[in-house]
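# coordinates only, sequence not included:
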């Protein structure tokens, strides 16, 4: 499955409770996280910064991504027989090179090409994920292969292809110990802060085992200039596990949950211990900064915990 076309290749749907009426505060928040083809539902206790596990459903193949319908009554899930570098290869593979952001118009159920954003012809441009400011004409894009955060401006629903601002995602951009990859990006619901994920998981041999080589597995926090949209780094915080592939912020803006997709062995002096996959919970302060609360370990076996997100119910 081509991940960039998952919206048109829906692999499954899960009914969820009816969304609260417009203008009301969400009564509940649900978190969904996968391990391979299994998708598990958790209730989110925002006040207690806790997760309560409930039912699990099994889908046709490994979960790649999911997104709720605007009504919040349905969750659309894309699945694939390949898991992006983990396990055996599936039967469908697609490569797009060089990199670009593709903008489409949507009318009467039909997509049409509008513009393609590809600085320098797409060379050294590896966009991974993006999010829009909730009230201002700004779009933020994580550039995976260059560990950058780009800001674009919009006007009348159209995106200006010129990069307005560039910012680093790493705390030590000149000390890359192994492959680093910028990941998920989300704007805080209040529009004042921006968050991005930094991922590393390369290994080296140690005492006959493959252990983590080193690198930044963290969330970078930016404050957003409310007059220009420019992001400025205010914090880097480690996520307490390896490869934070996905994270989400609860609708009230008080809680962040970060998902780590696989267990990795790490050195502990002369010993080796395993950091399990799982969900790390952070409290979000009024100044946008994060404080670690707890981590829920998840035994993924020979599968991968590939996606997680929260949905207001």
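Happy to help now that I have it. Computed from a predicted model, the values in this text were never measured in an experiment.
# and stretch 182-196, how far from the chain's centre?
On the basis of CA atoms, centre = their mean, to the nearest Å, stretch 182-196 sits 10 Å off its chain's mean C-alpha point.
# ends of it, how far apart?
7 Å (CA to CA, to the nearest Å).
# tell me the contacts of the nearest residue to residue 188 once chain neighbours are set aside?
Spatially, and ignoring its direct neighbours in sequence, residue 188 is nearest to residue 253 (5.5 Å; CB to CB, 6 or more residues apart in numbering). For every residue, glycine as well, the C-beta is placed using N, CA and C. By CB atoms under 8 Å, 6 or more residues apart in numbering, residue 253 lies in contact with 188-190, 284.
# do the same with residue 101
Applying CB under 8 Å, 6+ apart, we find residue 101 in contact with 116-118, 127, 130, 141, 159.
# redo that, cut-off 7 Å
Each residue near residue 101 by CB atoms under 7 Å, 6 or more residues apart in numbering is listed here: 117, 127, 141.
# in this structure, which helix or strand is least confident?
Counting by mean pLDDT, DSSP states H and E, the chain has its least confident helix or strand at strand 12-15, which shows a mean of 39.
# now the buried members of the contacts of residue 253.
By neighbour count, with 16 or more other CB atoms under 10 Å, the contacts of residue 253 hold 188, 284 as buried.
# in strands, which of the contacts of residue 253 fall?
Among the contacts of residue 253, the residues falling in strands (DSSP state E) are residue 284.
# export the contacts of residue 253 as TSV, with columns for distance to residue 214 and pLDDT.
As requested, the contacts of residue 253 are exported to TSV (distance: CB to CB, whole Å; pLDDT from 0 to 100):
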residue	distance to residue 214	pLDDT
188	30	98
189	34	97
190	35	98
284	28	98
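# kindly reformat the contacts of residue 253 as CSV and extend each row with distance to residue 57.
Shown next, in CSV, are these (distance: CB to CB, whole Å):
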residue, distance to residue 57
188, 31
189, 28
190, 33
284, 30
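# run the chain-centre distance for stretch 38-49.
17 Å.
# then stretch 151-159?
The answer for stretch 151-159 is 22 Å, by CA atoms, centre = their mean.
# now swap in stretch 303-311 and tell me
With CA atoms, centre = their mean, you get 9 Å for stretch 303-311.
# need the residues that contact that stretch.
Counting by CB under 7 Å, 6+ apart, residues outside stretch 303-311 touching it are 16, 29-36, 44, 62-66, 68, 72, 75, 83, 86, 245-246, 248, 250, 257, 259, 261-262, 277, 279, 298.
# now, of these, which are buried?
16, 29-36, 44, 62-66, 68, 72, 75, 83, 245-246, 248, 250, 257, 259, 261-262, 277, 279, 298.
# what ranges of the chain fall below the confidence cut-off?
In the predicted model, the chain carries pLDDT under 70 at residues 1-26, 83-96.
# at 50 what do you get?
1-24, 92-96 (pLDDT under 50).
# residue 205 versus residue 179, what's the distance?
Using CB to CB, to the nearest Å, we find residue 179 at a distance of 17 Å from residue 205.
# of those two, which one has the most company?
residue 179 (12 against 8; other CB atoms under 10 Å).
# excluding residues flanking it in the chain, which one is nearest the more buried one?
Closest residue in space to residue 179, ignoring its immediate chain neighbours: residue 202 at 5.4 Å, by CB to CB, 6+ apart.
# surely the one you found meets residue 176?
No. Applying CB atoms under 7 Å as the test, residue 202 and residue 176 come out as separate, 10.4 Å apart.
# which ones among the contacts of stretch 303-311 lie within strands?
Those of the contacts of stretch 303-311 mapping onto strands are 29-35, 44, 62-66, 68, 75, 245-246, 248, 257, 259, 277, 279, 298, per DSSP E.
# on that earlier part again, what about burial for the contacts of residue 101, which qualify?
Buried by 16+ other CB under 10 Å: 117, 127, 141, out of the contacts of residue 101.
# my guess is the second one contacts residue 145, does it?
When you say that, I think you mean residue 127. No. Counting by CB under 7 Å, residue 127 stays clear of residue 145, with 9.2 Å between them.
# now residue 41, nearest residue through space, not along the chain?
residue 54 (4.6 Å).
# and the one you found, how many neighbours?
Neighbour tally, residue 54, other CB under 10 Å: 11.
# and if you look at residue 209?
Neighbours of residue 209 under the rule other CB under 10 Å: 12.
# isn't it right up against residue 272?
Yes. The pair residue 209 / residue 272 is scored as a contact, 5.5 Å apart, by CB under 7 Å.
# since that was my last question, I'll sign off now.
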